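Asks: Could you work out the structure for the sequence below:
(chains A, B, C and D, ligands or ions: 8)
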4 protein chains.
Amino acid sequence: MAGYEYDLVITNGVCVTAADVASYDIAVKDEKIVLLAPSGSLAGANAEKIIDAEGGYITPGGVDCHVHLEEPAMFGKGSSSDTYETGTRSAIAGGCTTIVGFAPQQKKEPSLLKALADTHARAKGNSFCDYGFHMMVGNPSPEALSELKTLSENEGITSLKIYMTYAALQIRDDQILSVLLAARSNRMLTMIHAENGDVLNWLTDQLESKGLVAPKYHSTSRPTILEAEATNRAIALSSLIANTPILLVHVSDPGATLRIRQAQTAGQPVFAETCPQYLFLTRDDLDAPGFEGAKCVCSPPPRDKASQDAIWTGLRNGTFTVLSSDHCPFNYDDAEKGKMTCITAENPVGKFREIPNGIPGIETRLPLVFSSGRLALTKFVEVVAANPAKLYGLYPRKGSLIPGVSDADIVVWYPEGRRDITITNEMLHHATDYTPYEGRTVGNWPRFTIIRGKVVWDRDNGGVVGEKTFGKFFKRGPSSLGRIWETAQKQGAFDVATL
Amino acid sequence: MAGYEYDLVITNGVCVTAADVASYDIAVKDEKIVLLAPSGSLAGANAEKIIDAEGGYITPGGVDCHVHLEEPAMFGKGSSSDTYETGTRSAIAGGCTTIVGFAPQQKKEPSLLKALADTHARAKGNSFCDYGFHMMVGNPSPEALSELKTLSENEGITSLKIYMTYAALQIRDDQILSVLLAARSNRMLTMIHAENGDVLNWLTDQLESKGLVAPKYHSTSRPTILEAEATNRAIALSSLIANTPILLVHVSDPGATLRIRQAQTAGQPVFAETCPQYLFLTRDDLDAPGFEGAKCVCSPPPRDKASQDAIWTGLRNGTFTVLSSDHCPFNYDDAEKGKMTCITAENPVGKFREIPNGIPGIETRLPLVFSSGRLALTKFVEVVAANPAKLYGLYPRKGSLIPGVSDADIVVWYPEGRRDITITNEMLHHATDYTPYEGRTVGNWPRFTIIRGKVVWDRDNGGVVGEKTFGKFFKRGPSSLGRIWETAQKQGAFDVATL
Amino acid sequence: MAGYEYDLVITNGVCVTAADVASYDIAVKDEKIVLLAPSGSLAGANAEKIIDAEGGYITPGGVDCHVHLEEPAMFGKGSSSDTYETGTRSAIAGGCTTIVGFAPQQKKEPSLLKALADTHARAKGNSFCDYGFHMMVGNPSPEALSELKTLSENEGITSLKIYMTYAALQIRDDQILSVLLAARSNRMLTMIHAENGDVLNWLTDQLESKGLVAPKYHSTSRPTILEAEATNRAIALSSLIANTPILLVHVSDPGATLRIRQAQTAGQPVFAETCPQYLFLTRDDLDAPGFEGAKCVCSPPPRDKASQDAIWTGLRNGTFTVLSSDHCPFNYDDAEKGKMTCITAENPVGKFREIPNGIPGIETRLPLVFSSGRLALTKFVEVVAANPAKLYGLYPRKGSLIPGVSDADIVVWYPEGRRDITITNEMLHHATDYTPYEGRTVGNWPRFTIIRGKVVWDRDNGGVVGEKTFGKFFKRGPSSLGRIWETAQKQGAFDVATL
Amino acid sequence: MAGYEYDLVITNGVCVTAADVASYDIAVKDEKIVLLAPSGSLAGANAEKIIDAEGGYITPGGVDCHVHLEEPAMFGKGSSSDTYETGTRSAIAGGCTTIVGFAPQQKKEPSLLKALADTHARAKGNSFCDYGFHMMVGNPSPEALSELKTLSENEGITSLKIYMTYAALQIRDDQILSVLLAARSNRMLTMIHAENGDVLNWLTDQLESKGLVAPKYHSTSRPTILEAEATNRAIALSSLIANTPILLVHVSDPGATLRIRQAQTAGQPVFAETCPQYLFLTRDDLDAPGFEGAKCVCSPPPRDKASQDAIWTGLRNGTFTVLSSDHCPFNYDDAEKGKMTCITAENPVGKFREIPNGIPGIETRLPLVFSSGRLALTKFVEVVAANPAKLYGLYPRKGSLIPGVSDADIVVWYPEGRRDITITNEMLHHATDYTPYEGRTVGNWPRFTIIRGKVVWDRDNGGVVGEKTFGKFFKRGPSSLGRIWETAQKQGAFDVATL
Ligand SMILES: [Zn+2]
Ligand SMILES: [Zn+2]
Ligand SMILES: [Zn+2]
Ligand SMILES: [Zn+2]
Ligand SMILES: [Zn+2]
Ligand SMILES: [Zn+2]
Ligand SMILES: [Zn+2]
Ligand SMILES: [Zn+2]
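Replies: Numbering: from 1, shown residues only, chains lettered A, B, ... in the order given. Ligands and ions are numbered 1, 2, ... in the order given. Just a heads-up that it's a prediction; the model follows:
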C-alpha cells in the first residue's frame, strides 16, 4: 500500500466509545488506528480508501465472547449447524469483528490441551474474523487443572467455562471449587452456566411422566428459581475461594440478577452477561404452534416481559458487564443434527428434553440492541465491545478506538433514519435454517465492518467481501477490566486455614 | 387411687404457657390435667399428692423433637453413647417429658418400615418419657416413598428428616424433590439438615492435605456460607414443590437465619429450629488444648458471639419456631465408639473428619435457656414445648396445660433465687462421659418433672423416681402449627405443568 | 348472688386463647374466671346462669385499642358521630369488651391533664364496656411532657399517640424526639400515625388546582410511598432514642410493612397495627358513584388487592402485633358534622381534603376477621385480644382466660355453620348512618358478649342487655408484651453523648 | 500563533479517559484538542510548545462541581476564606480546570436571578479556571421557581441545590416537591444535601444542655441514621415527581449508600456524589486536642474506617457518579469569619454548633485520589472529570479528550515513582490557613495543568502561571449522562392524577 499516507480514512462519522459520543475522523494504517482528528479534517487525506460515514455512527467492532461453533453434541442431541467458517461469516455481517469460541473438553477426556488442539484445527484458516478460545471444562481432573498454567501462560487461554447442568458437562460443587482454585492461581476468569441440573432433570422427568413434552415445556422445566438458586450457589462458592472472579453467563432471571447485584454491592468480583434472547424473546415464543417453539429453545429459556424489563435495567445500571450472543446454532428442519432430531413417531411434536439447546444470534446481536433505543450508545459500546475486550484480555487491541494501539476494527452504521430493515433468515449469513427474530424490524445495521483496516463487510456493495483465511487467533492476556483482580491480590493466595 | 378427688394437685405456682404467665392451681386426675383454679384454692383439695410450688414457675413438660439415641454410626465413626434408657432418663431429669427420636434408614436399606420396626424394638420398654419417631430417610427409593402413606396414616410417623451432607445420608437435590413431593402428598413435615456436603468435603480435603486435622478445623471446614447456601437451596426446592412446609434444623448462622426470615416474610411455610449449642457455645470452644475441642464438635459448629446474638434475636422475633437439643451423644474418652475413635498414632490429636459429630444436651436444654433471662417466659414455653408439640402433631395432649385435654406433663421449677446450680457431668443422667457445659452456673432447674400425673423426677428426694417402662410411644398426627398447610391446601396437589 | 357456687358457667364450648384451641368449660364468680374444667364437667354445676355453647367457639372478649369517640374536629371538618355511649354499645354488640380511646390534646392546649379530665367527663357513666385512654399529644410542650410522669404513675395512662400529618396534630421530627424521650423515661408506648403530612398537603394542593376533588382523589393524594417514607422516618427516630418502643398504627402499605419487618428482624422494638379496612376494602371502594366513596375515606386509604394480601401475610407471620378497628365514625348524610360537610355549591361531590377522615368499624371488626378463615384462631385471639391487652398494660385482667386472674370478659360464638349473616347498617349499634361493609356476608357473629361475668349482649334474646353505667375505667400499667422494654433497660437511660 | 501547525503537543504520555488507558500523543490548536496520534509520532511536530510527558499519565482536567467560594454565612457563623480568585488559583494547582460554584439565594430573597447576577459579579475576571454556577435555592418562592425557565434556557444554569438542613437554607418536604417539579419541567438536575435538620438541631440542643460543645460533638450530633433517613426521604420525594433525577451530594454513610444503590437497582434516576473527606478522614480527626478538631468539621462529618471502605466500594461499583471536593473553606485561626468565631470566654474550645461547616479541598482532591491506588485509573477519570462534565452539561467540551470537540483541558502527571510529596498548607494556593491533610504523603501531583491549550500550572517552573482573567463562564446544557432523562421522558409531564 506504499504511496498512501493512510490505508483507510473514515470521515464524517459520529464516533462512539464506551466513554464518548462525538464527531471525529479516523485514519488507519497497517491494520491499526493511527489518527483521530476533527470531523471532516481527513476528508481529503491521502488514503487508499476513504469512507464517508455521512453522519452515521462509528463504533468499535463488536466483540462476542460467547459463541459456540462446530461443537459436538453436548447440550442435547444435535450438533452445531455452524462451522467456524459460516459462524464467523455471519459475525462480520452483523458487525462483529472478534469472537471468543469454546474449546470443549468432554467428560471422558482427561486433558484440556488435546481439546484445544482440536479446536485450533477446526478454526484455523476458517475464520472471517479474529478469534480466541475459552476452555470449556467438562472434566476437571487433576491433569486438566494442571494444564491451566500452560494454557494461560503459553496458549493465550485465560478463561474457563463450567456448567452446573447438562449431563455431558455438569460438575459438582466440589469440582467447581477445584476449578475456581486453579483458575485463581492462574489468573483465569471462570464463566459459569448457573442452572440447577439435578432439579431440572427431575422436573423434566415429572413432565415426561405426564406426557408433557412439547417445546413449551422446556420453559416449564426450568423455572426461574433454578437459575437464581444456582447463581446464589456459584457466588457462594467463588466467595469461598477468596473472592476469585466469576462471570455468570446468559442471565435471564430478575432473581438471579438481584443476587448478582447484591454481590457487586458488597464489592465481590462477580460479573454477569446477558443475551439478546432475554431482551427480545419471551416464554410465549416457545408456545408456538406445532414444533415451531423449538426455534426458541435455549437455556435458560426466555422469560416474561417483566423479566425483560429487569434485564434492560440491569444493563443500564451496570449489573451486566457484557452482552453476548450465546450463538449456539442448530438447524430447525434437520432430523440428523438439528432441532428435529427429537421428533419421533411417538413424539410428533418432539420431546423437549432432547431438543438441542441453543439458538443462532451472532449476526443479529448488534443491530437488535443498537436499534432498541434502550441503551445509551456509550453503554451499548461498553457491553458489546469494550467490556468484553477488557474482561477477556483482548483490550486495548480490541474494543476501542485508540490511535497507535487499537486494531482498526470498526463498524460504520447507516445515518440514523436511513434504513428500516426487516430481519429474515434469508438475509443472514450463518448456515442455520432459521432465525428466532424472523420478521422483526430494526432501524439500523452495520453498513461496513472493518477488521484490522480491511473492509470485510460492505452491505451495499458485495456484502461479505472478506475471506475466511483473514481471521487470526489471538492469545489473550488476563482480564484487565477495572480492578478485577484487586480482591484476590489483596488477600494473597487462597488459604483454607483462614476460613 | 380411688377415694381421692384428684391424683395430684399443684398449688401456689406461677403457671406459664405459650400465651400466659399467671398464678393458678392445677389439679390432675387419670393422667390428665382436669382443673385450673385460682391460686391457692386447691391447697386443701382431696388429692393423693399435693405439691406446693412455693411460688415457683410451672411449665408444660419440655418436648424435645431432635434427639438421637442408640443410632448406628452415621455422622462419623462412632455410635451413640446413649440408649433410649439412658437418654430418656437424662431427659426427665432436665424437665423433658416427651421426645421425638429418629428411626434411621440407612443408604443400603430400601425400606423405611424395617427401620421403624428396629427403632421400636430399641425403644419399647426402655423409655422414661413419652416418645415418637421421625423417619430419617437415607435412601428415598420408590419403595421407601411409597411407604409414607402407611407411616403417616397407620404408624403415627408424620415427619421426615433428610440430609444435605454426611456420606451416609446425603441426598441430591432431585432426591430432595422426590421426598418433598411425597411428604406433601402425605401431609408430612420435612426436616432438613442444610449444609453443603460436597463443599465441606472439599474443604476438609484441603485442610487434611495441609495437615490441619485438629478438632478446631472442624469449624474451619464448615464456614457459615455453607449453611446459608444450603438453606437457600432447601427453601428454593420447597418453593418448587408448591410451598410444601419444611423445617431447617439446628440453624447456627445469621446468614441462613436471614434467608429463612425472608421466606417467612414472603409467607412461605418455612420453619426453623435452633439449639442451645448455638446460644451458649462458640467456635472458640473447639479450640481447647489437645483434643478437648472434640467435645464441642457438632454440625453445624458453634459460631461466634455475634452469631449467638443473632440467633437469640431470631428466637425473640419468631424466626425460630422451636428450640431443640439435637442431643447426639458420643463419649469423649472412648476409642471404640466415641470421640477418640479418630485418634491414631499418626494423628495424636485426632482427625476432625472422623470425630463423631454431635454433643449431648437433652438434660441441660431447659435449665440453660430458662435461666438465661434472654427470652420472655411465654416465648420459652412456646419454643421448647408448645410449638414442638404443635409442629410435630403432639398437640394438644403435649405442650400445654389444658383441662380435660392435656396430659399432665408438667415441670415445677424452684422459686426464683432459690438455687444457683453449677453444671457438672456428674450430676447429669445420660450415659455420656462429659457435658460441653461443665462448670456453667444456671439459676434454676426442674424441681419436679411430672409425666401424665406421675412424678418421675424429684430433684430433692430421690432424683429419678420414674421407671423406664413408663414412657409410651405416641402416634403423631399431622402438624397443626398455625396454618402450616394452608398454602398447600389452597394450591391443591402439586402440578408440575403450572410451573 | 349468694347461694350459687358460680355466677356463670359456660359449658360445651371450644375455647380459644392466643396459644390454645380446645374444648373445656369455664366457671365465673365475682366478675372473674375461676375455673377451667373438662368439657361438659360443669354442665350441671351450681351456677346462677349456665350457657351451653353448643360446640361454638369461646374467645376472650375483644380488646380494641384504637377507637375515636366524641372527639372534636381534628381529622378534617367533622366531628365524631359516636359518643362513648353509642360507640361502646356498638362495641359490645360486636364482641368487644374493652376499648382504649383517645384523650385528645389540641395544639392550643399546653396541658395533657386537662384533656384527660375532659375525656373522663365524657366517658364516665357512659360506657357499656370497660375502657382506658391513650393520650393524643397535639402539643408536646415542656409542660405537657412533664405531665407524663403523673399520667403513667397515677392516672393509668401508659401510651401516647402522635401524628406525622393532620394540620391539627402534626408535629415535627424534633418534637417527635422530645415525645419519644419523655415516653421512654416514663415507660410509655408511643403510637405513631405515619404519613408525611407536608407531602400529602402538597399533593392535595396539586389535585385541587386541577379541580380533582372527588372522594377518590383522597387516595391519589396519599400514595403508598408517603406511608413507607414516614414509617421509615419514625423507625429511624425511635432508634435514635436508644430504641424506645413504638407502634405504627393502621399500616396499609406493603412497603411500610417491609420496613417494619426489617426493624423487627434486627431486633428493634418496633410494633405495628393494622385494621379491617386494609383487609376488606380497596382503593376502588373510594371510586363509588357520586359522593358515596366518602364512606370509605380514611387515612391511610385502603390500597389494592395485592396490598391486602401482603397485610394478611404480615398478620400471619407476626409483623403485626395487633388488629384494631380505628373506629373513627362520621355520619355520611350529615352536612353539619359528617362526611357531607364538605359538599358545597361549588363542590357538589365534595372536596376530599375536607372530608372527615375515618370510618366506623368497632362492631364489625371481630366478625369480619373471625369469619375470614385467613387467620388461625389462636392468631385471631392474639391480635384482637391478647396482644392488645399485653401491649397496652391491661393484661392479664384482659385478653385471656386465666382462672383467678382474668376478668370474665368472654365472647361466645355461634356453632360453626349455624349462621350466615349479611351486614347491614340497620343491625349495627353505633350512631353512625352507614357501614362501609354494607351487604357483606359473614359466617359468624358474637352470640353472647360477657363482661366481668355479666352478659351484656345476647344476640338472640334482647340484643344489647348491658347498661351504659357498667363499663369501668381501667388504669393501665406499662406494656408487658414479650420483652418490649428489654433493649431500653439494657441500654439504660438515653445518653446523647454516646451517639 | 501563526506559523505553527499546533499550539501545543504532548508526547510520550499514557492517556487516561473514562474508558481507556493507552499511550498516544495529543496535539492542540486554538484551544481545542485536534489530534490523537500514536505515541511518539508527534515528538517532532511543528508546535509552539511540546511537552514530553516522559511516560507520565495524562488525564482530562479535573471538573469539580461542588465548590463554595465567596459565599456569605450560611452554614454557621463564618464566611468563605476563599474568593473566586484564590479558590480557582488553588484549583488549577491541583489539576482542576473547571469548577461549578454556587449562586446562593438567601431565604429573604424572593428571586434567583438577583443572586445569580451577584455571583457573576464576584467571579467575573477573577477566575483562573473555567466555571459555571449551580443555583442554591434558599427560598423556593413562586417567583424563584418561575425563573428556572430563564435560568436553564438563557443563563446556562441547569442545576439546583437544595438543603434538608441548615437554618439559613432548610426547606420542607412540600417545598422540595415544588422545586423538584419545577426542575423536572425545565430539565434541571436537583442536588440535595440530605441530613435531617430538625433532628440534628434537637440532638445539638441535647448536647448543649449537657455542656458537650467541643468540636468532636459535631459528629455526635449527626449520627449516620440522620443521613440515611434524609436520603431515603429525598429518594421517595423524587420518585413521587415521576422519577425526576436527583443527586445526593457528599454521601458519607453506608446506610445512605445502600438506599441509593437500591434506587439505582430499581432503575430510578438517583445519582450520588462523595468527597475525599469521606475517603481520607474519620470521626477521630474531630477529636483532636483543644479546638483542632474544628479543622475537620464539615457536614456530614467524616465517619469511621468501615464507612470509608464502604464508600470506596461504592465508587468502584458505580453507586457514586461523581467525586467532588465540596471545597467550603473557612480559616481556622480567625475569630471574625473563620472556625474560631465560635470561641468565647464561656466556650474556650468553641461551640460546635457555631463552627462554620466546611473544609478546603479543591487542590488536594485529585492528588489524594489519584495516588490512593484504590480506583482503576479509568474510574478515577470517570468520577472526577468525565461524569461531572456529563452530569452537569459541560460535556463534551469538558471531561474528555476528543479531537475537534474537547477543550484542551489537560493534566500531565509525573511519571510514576518520580515524586513523593508531603502535603503542607504552605504549598497550597488557597487563601485558607490550614489543610485537613497536613502531613499526608501522596505519590503524584499534577505537573502541568492546561486549560484550553494554555499551561496555567507548571509545578517545576513557576507554579501558577495562569491569570485570573483567563477563566471563562460556561453556560451549561442539560445533563447528558447516560439516559438520565429517559424515565421522565417516557412518563411525559408529571401528572398528579395518575398517582
Ligand atoms: Zn450456557
Ligand atoms: Zn452458551
Ligand atoms: Zn443434623
Ligand atoms: Zn441431629
Ligand atoms: Zn391515625
Ligand atoms: Zn385513628
Ligand atoms: Zn452540603
Ligand atoms: Zn457543599
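Asks: Could you double-check that A:Gly125 sits in contact with A:Thr469?
Replies: Yes. Counting by C-beta atoms under 8 Å, A:Thr469 is a contact partner of A:Gly125 at 5.3 Å. All C-beta atoms are positioned from the backbone trio N, CA, C, and that covers glycine.
Asks: quick one: contacts for A:Thr344?
Replies: With contacts defined as C-beta atoms under 8 Å, 6 or more residues apart in numbering or on different chains, A:Thr344 is in contact with A:Lys351.
Asks: Could you rerun that using 10 Å?
Replies: If you count contacts by C-beta atoms under 10 Å, 6 or more residues apart in numbering or on different chains, A:Thr344 has them with A:Ala335, A:Gly350, A:Lys351, A:Glu354.
Asks: ok, now A:Glu416?
Replies: A:Val14, A:Gly55, A:Gly56, A:Tyr57, A:Ser371, A:Gly443, A:Asn444.
Asks: Please name the nearest non-neighbouring residue to whatever residue of the stretch 151-300 of chain A ends up closest to chain D.
Replies: Ranked by C-beta to the nearest C-beta, the top residue of the stretch 151-300 of chain A for proximity to chain D is A:Gly267, at 4.0 Å. The shortest distance from A:Gly267 to any non-neighbouring residue, by C-beta to C-beta, 6 or more residues apart in numbering or on different chains, is to D:Thr313 (4.0 Å).
Asks: do A:Ala214 as well
Replies: Closest to A:Ala214 by C-beta to C-beta, 6+ apart is A:Val349, at 4.9 Å.
Asks: how would you label A:Asp285: helix, strand or coil?
Replies: helix (DSSP: H, G, I helix; E, B strand; the rest coil).
Asks: if I pick it, what's in contact with it?
Replies: A:Pro215, A:Lys216, A:Ser219, A:Gln277, A:Glu292, A:Gly293, A:Lys295, A:Cys296, A:Val297, A:Pro301, A:Pro302, A:Pro436.
Asks: Report pLDDT for it.
Replies: pLDDT for A:Asp285: 97.
Asks: Would you check how far apart it and C:Val369 are?
Replies: As judged by C-beta to C-beta, to the nearest Å, A:Asp285 and C:Val369 stand 45 Å apart.
Asks: per-residue pLDDT, the nearest residue to A:Lys475 once chain neighbours are set aside?
Replies: Excluding its sequence neighbours, the residue lying closest to A:Lys475 (C-beta to C-beta, 6+ apart) is A:Gly156, at 2.2 Å. With respect to pLDDT, A:Gly156 scores 98.
Asks: A:Gly156 contacts A:Met188, correct?
Replies: No. A:Gly156 is beyond contact range of A:Met188, at 11.3 Å (criterion: C-beta atoms under 10 Å).
Asks: Of the two, which one has the most company?
Replies: A:Met188 (26 against 16; other C-beta atoms under 10 Å in any protein chain shown).
Asks: Now for the more buried one: which residues touch it?
Replies: A:134-135, A:148-149, A:151-152, A:157-160, A:179-180, A:182, A:244-245, A:393, A:478-479.
Asks: Counting neighbours, what do you get for A:Lys107?
Replies: For A:Lys107, using other C-beta under 10 Å, the count is 14.
Asks: Over to A:Thr487?
Replies: Neighbours of A:Thr487 (other C-beta under 10 Å): 16.
Asks: Please look at it and A:Ala263 and confirm they touch.
Replies: No. Using C-beta under 10 Å, A:Thr487 makes no contact with A:Ala263, being 11.5 Å away.
Asks: Quick check: neighbours shared by the two?
Replies: In contact with both A:Thr487 and A:Ala263: A:Ser239, A:Asn243, A:Pro269, using C-beta under 10 Å, 6+ apart.
Asks: How about the second one, nearest residue that isn't a chain neighbour?
Replies: Of all residues not flanking A:Asn243 in the chain, A:Thr487 sits nearest, at 4.3 Å (C-beta to C-beta, 6+ apart).
Asks: Next up, the contacts around that neighbour.
Replies: A:Ser239, A:Ala242, A:Asn243, A:Thr244, A:Pro245, A:Gly267, A:Gln268, A:Pro269.
Asks: quick one, strands of the stretch 101-250 of chain A?
Replies: Assigned by DSSP state E, counting those that start in this stretch, the strands in the stretch 101-250 of chain A fall at A:130-136, A:159-163, A:189-193, A:246-248.
Asks: List the residues that contact the residue in the stretch 351-499 of chain A positioned nearest to chain C.
Replies: Ranking the residues of the stretch 351-499 of chain A by distance to chain C (C-beta to the nearest C-beta) places A:Arg374 first, at 25.7 Å. By C-beta under 10 Å, 6+ apart, A:Arg374 lies in contact with A:Leu279, A:Gln308, A:Asp309, A:Trp312, A:Thr313, A:Leu315, A:Arg316, A:Phe380, D:Arg483, D:Glu486.
Asks: Between those residues, which sits nearest chain B?
Replies: A:Gln308 (19.5 Å).
Asks: Just give the nearest non-adjacent residue to the closest one, would you?
Replies: A:Leu279 (5.8 Å).
Asks: in what helix or strand does the one you found lie?
Replies: Using DSSP states H and E, A:Leu279 falls within helix A:277-280.
Asks: same check, this time on A:Ser299
Replies: For A:Ser299, there is no helix or strand it lies in under DSSP H and E.
Asks: which one is it nearest to, not counting chain neighbours?
Replies: For A:Ser299, the spatially nearest residue (C-beta to C-beta, 6+ apart) is A:Asn357, at 4.7 Å.
Asks: give me every residue that touches that neighbour.
Replies: So A:Asn357 contacts A:74-78, A:165-166, A:218, A:222, A:297-301, A:328, A:330, A:339 (C-beta under 10 Å, 6+ apart).
Asks: Can you classify A:Asp7 as helix, strand or coil?
Replies: Assigned with three-state DSSP, A:Asp7 falls in the strand class.
Asks: neighbours around it, how many?
Replies: Neighbour count of A:Asp7, defined by other C-beta under 10 Å: 20.
Asks: Show me where the stretch 351-499 of chain A has its helices.
Replies: A:365-372, A:377-381, A:387-391, A:486-491 (DSSP state H, counting those that start in this stretch).
Asks: As a markdown table, those helices with mean pLDDT would be great.
Replies: Shown next, in a markdown table, are the helices of the stretch 351-499 of chain A (pLDDT from 0 to 100):
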| stretch | mean pLDDT |
| --- | --- |
| helix A:365-372 | 98 |
| helix A:377-381 | 98 |
| helix A:387-391 | 98 |
| helix A:486-491 | 83 |
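Asks: picking up where we left off before, and the buried ones among the contacts of A:Thr344, selectable in ChimeraX?
Replies: Buried subset of these, written as a ChimeraX selection, criterion 16 or more other C-beta atoms under 10 Å in any protein chain shown:
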select /A:350,351,354
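Asks: farthest pair in the contacts of A:Thr344?
Replies: A:Ala335 and A:Lys351 (13.0 Å; C-beta to C-beta).
Asks: Show the low-confidence segments of the stretch 251-400 of chain A, by residue range.
Replies: In the predicted model, the stretch 251-400 of chain A carries no residue with pLDDT under 70.
Asks: So which elements touch the helix or strand where A:Val28 lies?
Replies: Per DSSP H and E, A:Val28 falls inside strand A:21-29. Under the contact criterion of 3 or more C-beta pairs under 10 Å, 6 or more residues apart in numbering or on different chains; DSSP states H and E, strand A:21-29 touches strand A:6-11, strand A:14-16, strand A:32-38, strand A:47-52, strand A:57-60, helix A:377-381, strand A:410-413, strand D:32-38.
Asks: Take those and lay them out in a markdown table including distance to chain C.
Replies: Converted to a markdown table, the helices and strands packed on strand A:21-29 look like this (distance: least, C-beta to the nearest C-beta, whole Å):
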| stretch | distance to chain C |
| --- | --- |
| strand A:6-11 | 50 |
| strand A:14-16 | 37 |
| strand A:32-38 | 47 |
| strand A:47-52 | 52 |
| strand A:57-60 | 39 |
| helix A:377-381 | 28 |
| strand A:410-413 | 41 |
| strand D:32-38 | 46 |
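Asks: most neighbours per residue, which of the ones you listed?
Replies: strand A:410-413 (a mean of 28; mean count of other C-beta atoms under 10 Å in any protein chain shown).
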